[in-house]
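> got a structure for you, letters missing:
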């Protein structure tokens, strides 16, 4: 790894320090992470997966994502909002996902809250995106949370969302392109705004 936090992949291209350890990470890093997600269902999926990731390695969630998508009806907010106790029981028996009752309950609850947002989840969450800034010059410049993620977490909690602290909110901002935390020199080109 270079001093900046860039690592050469097997193809010789420089990537962010975390994006080269497995083929799953390379694909996620190169094609998805930091790319704008502007749909309600897309943001609900990322928010839910970030909550399930809490306390676990992201690779665990990434590898289970197909099972999560199947278990949570493709993360369609309206469908998940209609899930009841039988669905929660089904989810807790699903070995393809992370089986944590608090996180399952939070996901179902958050779908109901998201379904009730007048402006929609995407518009609400994106209202906290900071102005564009240069990519960080090094790993040390990548924050774990920001004033914007703290404000987003506070506003989400005020609306009734669960499992959305400032660090999780910032990870959501990174994953969905609200901020571009690819390290300067990374082979992934900046996303179009």
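Structure's in. What do you need? Note that the coordinates shown come from a computational prediction; the quantities given were computed from them, not determined experimentally. Residues are numbered from 1 along each chain as shown.
> Would you state the helices of this protein in chain order?
23-31, 40-53, 58-71, 77-81, 85-93, 101-115, 121-126, 147-159, 166-175 (DSSP state H).
> Now mean pLDDT, mean neighbour count and distance to residue 188 too, for those helices, in TSV please.
For every residue, glycine as well, the C-beta is placed using N, CA and C. Shown next, in TSV, are the helices of the chain (pLDDT from 0 to 100; neighbours: other CB atoms under 10 Å; distance: least, CB to CB, whole Å):
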stretch	mean pLDDT	mean neighbour count	distance to residue 188
helix 23-31	97	16	6
helix 40-53	97	22	18
helix 58-71	97	16	17
helix 77-81	98	19	29
helix 85-93	98	13	34
helix 101-115	98	19	29
helix 121-126	98	20	21
helix 147-159	98	18	22
helix 166-175	96	22	13
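> Mind putting the ones you listed into TSV with distance to residue 6?
Shown next, in TSV, are the helices of the chain (distance: least, CB to CB, whole Å):
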stretch	distance to residue 6
helix 23-31	12
helix 40-53	24
helix 58-71	19
helix 77-81	37
helix 85-93	39
helix 101-115	33
helix 121-126	29
helix 147-159	24
helix 166-175	17
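> looking at these, which is closest to residue 191?
Smallest distance to residue 191 across the helices of the chain (CB to CB): 10.9 Å, for helix 23-31.
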